[in-house]
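In: structure of the sequence below:
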Amino acid sequence: MQRVIDRKLYDTDQAEQIARYAPLTDKGDFNYLIETLYKTSDGEYFLHGDGGAATKWAEKISNKRMSSEEIQLLTDEEALNWCEERAVDGEIVVEEFSHLVET
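Out: Next up, the predicted model:
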């Protein structure tokens, strides 16, 4: 997926995938959810969210909630929080966020 935000292109095919959270991948389910954390070549983090009608990624169209996907920019702190909330492997977290993690 590609998205231009503040005149900068964010592309899931060009960025480095850091971690993926996919508790429910059946796109026929209103609760399906796939979130992937990416890092651009210049060190910015962004989240690609893909979710069903009952998730935060849903889009409202004509009084109905529909499945949708979006890219959301994250600060280093927000990306680390996302990793902690989704229990991302500690080695990945330390490798990416050593400047924010107390060892």
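In: show residues contacting the longest helix along the chain.
Out: As assigned by DSSP state H, the longest helix anywhere in the chain is helix 76-85. Helix 76-85 is contacted from outside by 18-19, 35, 37, 45, 47, 74, 92-93, 96-97, 99-101, using C-beta atoms under 8 Å, 6 or more residues apart in numbering. All C-beta atoms are positioned from the backbone trio N, CA, C, and that covers glycine.
In: and the longest strand for the chain?
Out: What stands out as the longest strand in the chain, according to DSSP state E, is strand 16-24.
In: who does the very next helix or strand once past that strand pair up with?
Out: Sequence order places strand 33-39 as the next helix or strand after strand 16-24, per DSSP states H and E. Take DSSP bridges as the rule and strand 33-39 pairs in its sheet with strand 16-24 (antiparallel), strand 45-51 (antiparallel).
In: buried ones in strand 33-39, by neighbour count?
Out: 33, 34, 35, 36, 37, 38, 39 (16 or more other C-beta atoms under 10 Å).
In: find the nearest non-adjacent residue to the residue nearest in space to the middle of the chain, please.
Out: Centroid-nearest residue in the chain, with C-alpha atoms, centre = their mean: residue 47, separated by 2.5 Å. The spatially closest residue to residue 47, leaving aside those adjacent along the chain, is residue 72, at 4.7 Å (C-beta to C-beta, 6 or more residues apart in numbering).
In: how close does the closest residue to residue 69 other than its chain neighbours get to residue 72?
Out: Distances taken as C-beta to C-beta, 6+ apart put residue 50 closest to residue 69, at 4.0 Å, once the chain neighbours are dropped. Plainly put, residue 50 is 12 Å away from residue 72 if you go by C-beta to C-beta, to the nearest Å.
In: show me the contacts for the nearest residue to residue 38 once chain neighbours are set aside.
Out: When the adjacent residues along the chain are set aside, residue 38 lies closest to residue 15, with 3.9 Å between them (C-beta to C-beta, 6+ apart). For residue 15, the contact set (C-beta under 8 Å, 6+ apart) comprises 38, 39, 40, 41, 46.
In: please tabulate those in CSV, including the columns distance to residue 62.
Out: Listed next are those as CSV, based on distance: C-beta to C-beta, whole Å:
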residue, distance to residue 62
38, 31
39, 36
40, 35
41, 39
46, 29
